[in-house]
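> Sequence and computational prediction follow.
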Amino acid sequence: MLNFFQNLFQGGGSGSNILRYPYEALSSATDYLQIDVLEYVPVSKNSQNTNGANSLVSSPGSRRNSLNNRVGYRSIGGLTNRVLKDGGTILLQIPSQVQDGNSASYGDSRMNGLVAAAAQGAKSIMTGVKFDNMQDSITKVGGELKANVDKTLGNLGGGAGIQDIATKFLTSKAVGAFGGNVSVNQLLARESGEILNPNMELLFNGPTLRSFRFSFKMTPRSSAEAEQIKLIIRSFKRNMAPKTAAAANKSGSRGNFFLKSPNIFELRYRSGNQDHPFLHKFKQCFLTDVSVNYTGEGIYATYEDATPVSMILDLSFKELEPVYDVDYDSEQGQGGVGY
């Protein structure tokens, strides 16, 4: 097994499309971070989108990492001595901080009795509305809403309740016309110590996109390792840069009117020749930030060939789609802690 990994990952050749730091060969016991560079495929052309051809809406799970893009399943000669362009793989040591975070967006929702009455009335009325005569429909809906709200106000104390709420509403609007900011609730609270019950509830607003930030300290121990570090940094910078439409289409017919999306990245923690059995999974990501500190030890120092003796590479990635429940049932989400 060890000979297999030595043949697979030892450096020197230029026919492969692999960059690596540290430079020494991997073994079946090595844990590392694999980052694959892929061309971005728009939603309407993504073959993994089950919503159909030319759909502008992604189906959940259409941005999972590909199953066949794994170093252990490839025939690889050695490390490349070229900058990666529109493809390839970068292998890095496991960063010092390994963590993930899943979150969702929630928000406070308020709906007092008057609004609820109007909403409930609208819901029941709209079921039977025919829109062949829009003006008549609007008139009917407006009348039914008024009746429903009047009924609710009547429960507050008949005509007196209606008059009281209406008076305070008109008063707040009149004060607002003069630059004041007085609500119905403020008037009610000052007069009676009461407010309209807001019926507050926490409601789901939507999913969020996960972000990941990694920091790698790189200290070259040979000229070959220094060259790999330089190519790794340059490859990240190149592949996060937007593409000119003319260059991407191999012709100047589109000129400089358009830009194409940068490449995307597939990240996966690996253990030897397989996905890491415990750590979390990633979805396809854009690289949103690259930062390099060329004075990793706090002072400027270089070797004779001008290579810095220590560097810190910071990378920030953001996933293209949220994590859904079905992702944990997918082949990519099996094992370990999932996403």
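Perfect, I can see it now.
> ranges for the strands of this structure?
With DSSP state E as the criterion, the chain has strands at 18-21, 31-38, 88-93, 104-109, 201-207, 211-218, 243-244, 259-260, 264-271, 274-275, 285-293, 311-319.
> nearest to Ala122, of those strands?
strand 104-109 (17.2 Å; CB to CB). No exception for glycine: its C-beta is placed from N, CA and C like everyone else's.
> Ser44: how many residues sit nearby?
14 (other CB atoms under 10 Å).
> Distance of it relative to Ser62?
11 Å (CB to CB, to the nearest Å).
> Show me the shaky parts of the stretch 1-150 of the chain.
1-15, 49-55, 68-77, 121, 124-150 (pLDDT under 70).
> Now do the helices in it.
2-9, 113-126, 134-154 (DSSP state H, counting those that start in this stretch).
> Now do the domain split for this structure, please.
Using automatic domain parsing, the domain parsing of the chain gives 2-102+239-288+317-329, 111-199.
> So, low pLDDT: which residues of the stretch 201-339 of the chain?
246-255.
> Recalculate using a threshold of 90.
244-259, 272-274, 331-335 (pLDDT under 90).
> ok, Gly206 - contacts?
104-105 (CB atoms under 8 Å, 6 or more residues apart in numbering).
> Tell me who's in contact with Asn112.
196-199.
> how close does Ser27 get to Ser271?
Distance from Ser27 to Ser271, by CB to CB: 11 Å.
> Dump the strands of the chain to CSV, plus distance to Ala119.
Listed next are the strands of the chain as CSV, based on distance: least, CB to CB, whole Å:
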stretch, distance to Ala119
strand 18-21, 58
strand 31-38, 47
strand 88-93, 54
strand 104-109, 12
strand 201-207, 14
strand 211-218, 37
strand 243-244, 48
strand 259-260, 44
strand 264-271, 43
strand 274-275, 49
strand 285-293, 40
strand 311-319, 36
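> Need the nearest residue in space to the most centrally placed residue in the chain, chain neighbours excluded.
For the chain, the residue nearest the mean C-alpha position is Leu209 (2.7 Å; CA atoms, centre = their mean). Once flanking residues are discounted, Leu209 sits nearest to Glu319: 5.4 Å by CB to CB, 6 or more residues apart in numbering.
> Same check on Thr208?
Ser103 (5.1 Å).
> ok now stretch 296-310, how far from the chain's centre?
36 Å (CA atoms, centre = their mean, to the nearest Å).
> cool, stretch 187-202 as well?
39 Å.
> Can you give me the end-to-end span of it?
26 Å (CA to CA, to the nearest Å).
> do stretch 315-327 as well
Stretch 315-327: ends 25 Å apart by CA to CA.
> same question, stretch 269-287
17 Å.
> That stretch: which residues count as buried?
269-273, 275-276, 279-287 (16 or more other CB atoms under 10 Å).
> The closest residue to His276 other than its chain neighbours and Tyr300: what is the separation?
Distance criterion CB to CB, 6+ apart; nearest residue to His276, sequence neighbours excluded, is Tyr269 at 3.8 Å. Using CB to CB, Tyr269 is found at 34 Å from Tyr300.
> Near Leu79, how many other residues are there?
Leu79 has 22 neighbouring residues, counting by other CB under 10 Å.
> I misspoke; the intended subject was Tyr294.
For Tyr294, the count of nearby residues is 14 (other CB under 10 Å).
> Surely it touches Thr307?
No: judged on CB atoms under 8 Å, Tyr294 makes no contact with Thr307 at a distance of 9.6 Å.
> residues touching the residue lying closest to Ala104 once chain neighbours are set aside, list them.
Distances taken as CB to CB, 6+ apart put Pro207 closest to Ala104, at 5.7 Å, once the chain neighbours are dropped. Taking CB under 8 Å, 6+ apart, we find Pro207 in contact with 104-105, 322-324.
> Taking the residues you listed, tell me the two that lie furthest apart.
Ser105 and Tyr324 (14.5 Å).
> Who has more neighbours out of those two?
Legend: neighbour count by other CB under 10 Å for Ser105 and Tyr324, higher for Tyr324 (17 against 9).
> Now do the contacts for the more buried one.
Taking CB under 8 Å, 6+ apart as the test, what Tyr324 contacts is 60-61, 207.
> Asn65 now?
By CB under 8 Å, 6+ apart, the residues touching Asn65 are 266-268, 281-284, 332.
> quick one: which of those is nearest Ser96?
Leu267 (16.3 Å).
> Skipping adjacent residues, who's closest to that closest one in space?
Phe282 (4.2 Å).
> I figured that neighbour hits Glu266, correct?
Yes: using CB under 8 Å, Phe282 is in contact with Glu266, at 7.1 Å.
> Start and end of stretch 191-201, how far apart?
The first and last residues of stretch 191-201 sit 27 Å apart, counting by CA to CA.
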